[in-house]
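> this one's sequence-less:
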């Protein structure tokens, strides 16, 4: 009876958090100024990317450096499906687009779903060669994949318009889309983590050889994590394209993967809650600190503009956090684990 009561209370807490997130999405979209809404949109998109990347890198323990590749695939698929044929003919200057590219059209929702599906199918095909290696070798292989996608985008002007990229993408991303998919991504990934598949993923992370000895099909588990992560990264890429309204291969460099890596390490590898906190800390924090780049009055002394100062301060903050929180802000803990700890102390 006590366990049932605890379980029911936890479900009520989870439901309350979901309802608050939905209410905040509606309130921010309708009452916040445009600049603030854009920042929150960006944070919501990176929450999708961070929690999905954390599934393969933190929960399953596979040092993968592929997110920029799948994000690029999702962004280009969404752009191609939502820009009309006349718009493509007008802006494709290097080569004329293929006729089948012009024929591809879908509304925004289905464009996002197709972006996720194509990214996950690509991940499924890659899993066969990728998971023949482990550790640093896996990182090198997946890093190469990201470079290949970017080079293909540059050298396929009939599909992607080459280095010029695709412009005039309908700005469909608002907080209902980004916030809604962020909530869905977090719920879906948490459900996977707390299922038997999630426990198998953690077993692979802790000791893959021991997991094999216990009968866990590690290839199947790693492939599941990889394809699920790619699905949400593809959707996140589509939302990013619709928010920026313009994409090019330069947008999907390794720096994008590195940014996501900072977020999940800062939040705590293996913690979905940590990935969310890390995203807010990095994405919103960098925007909030923009005043450091501008002229300031300090103790009556007027300073000149110092472009890049916010990055210096932000880097120092990261160093301090990592010195005092070696496993990130949340470690491997989730929000519900904090409630349990407080209850145990009582």
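Great, that's in hand. Not measured: the values here are computed from a predicted model.

> Tell me where the stretch 201-346 of the chain has strands.
297-298, 301-302 (DSSP state E, counting those that start in this stretch).

> Equivalent analysis for the stretch 1-150 of the chain, please.
Along the stretch 1-150 of the chain, no stretch is classed among the strands by DSSP E, counting those that start in this stretch.

> Quick one: low-confidence residue ranges for it.
1-11 (pLDDT under 70).

> let's see 80
For the stretch 1-150 of the chain, applying pLDDT under 80 flags the ranges 1-17, 135.

> do the stretch 151-300 of the chain as well
289-300.

> what residues are up against residue 313?
By Cβ atoms under 8 Å, 6 or more residues apart in numbering, residue 313 lies in contact with 289, 292. Where you see a C-beta, it was placed from the backbone N, CA and C, and this is true even at glycine.

> for residue 92, same thing?
By Cβ under 8 Å, 6+ apart, the neighbours of residue 92 are 157, 158, 161.

> same deal with residue 171?
Neighbouring residues of residue 171 by Cβ under 8 Å, 6+ apart: 242, 243, 245.

> Leaving out chain neighbours, which residue sits closest to the residue most central in space within the chain?
Computing the C-alpha centroid of the chain and ranking residues by Cα atoms, centre = their mean puts residue 49 first, at 0.7 Å. Spatial nearest neighbour of residue 49, excluding adjacent residues (Cβ to Cβ, 6 or more residues apart in numbering): residue 236 at 4.3 Å.

> do you know how far the one you found is from residue 48?
4 Å (Cβ to Cβ, to the nearest Å).

> ok, now residue 103?
29 Å.

> Neighbour count: those two, which is higher?
Set side by side, residue 103 and residue 48 show more neighbours around residue 48, with 26 against 9, by other Cβ atoms under 10 Å.

> residues in contact with the more buried one?
Neighbour list for residue 48: 178, 181, 182, 185, 232, 233, 235, 236, 239 [criterion: Cβ under 8 Å, 6+ apart].

> The residue nearest to residue 49 against residue 74, yeah?
Yes - using Cβ atoms under 8 Å, residue 236 is in contact with residue 74, at 6.6 Å.

> okay, those two: which has more neighbours?
residue 236 (34 against 31).

> Tell me which residues touch the more buried one, please.
Per Cβ under 8 Å, 6+ apart, neighbours of residue 236: 45, 46, 48, 49, 52, 71, 74, 181.

> out of the residues you listed, which one sits closest to residue 115?
Nearest to residue 115 among the contacts of residue 236 is residue 74, at 3.8 Å by Cβ to Cβ.

> Touching, the closest one and residue 238? I think so.
Yes - if you go by Cβ under 8 Å, residue 74 and residue 238 touch, sitting 4.7 Å apart.

> Mind listing the shared neighbours of these two?
Residues touching both residue 74 and residue 238 (Cβ under 8 Å, 6+ apart): 112, 115, 116.

> What subset of the residues you listed is buried?
112, 115, 116 (16 or more other Cβ atoms under 10 Å).

> dump the residue contacts of the last one.
Going back to what we said before, that points to residue 116. Residue 116 neighbours (Cβ under 8 Å, 6+ apart): 74, 230, 231, 232, 234, 235, 238.

> Then the first one?
Taking Cβ under 8 Å, 6+ apart as the definition of contact, the neighbours of residue 112 are 74, 78, 177, 181, 235, 238, 239.

> how about these, which pair is most distant?
74 and 177 (13.7 Å).

> Going by residue numbers, what spans are helices in the stretch 101-250 of the chain?
Secondary structure of the stretch 101-250 of the chain, counting by DSSP state H, counting those that start in this stretch: helices at 108-130, 135-154, 157-160, 175-193, 196-206, 208-213, 218-244.

> Report the distance from the last one to the chain centre.
It stands for helix 218-244. Centroid separation between helix 218-244 and its chain, computed with Cα atoms, centre = their mean, to the nearest Å, is 8 Å.
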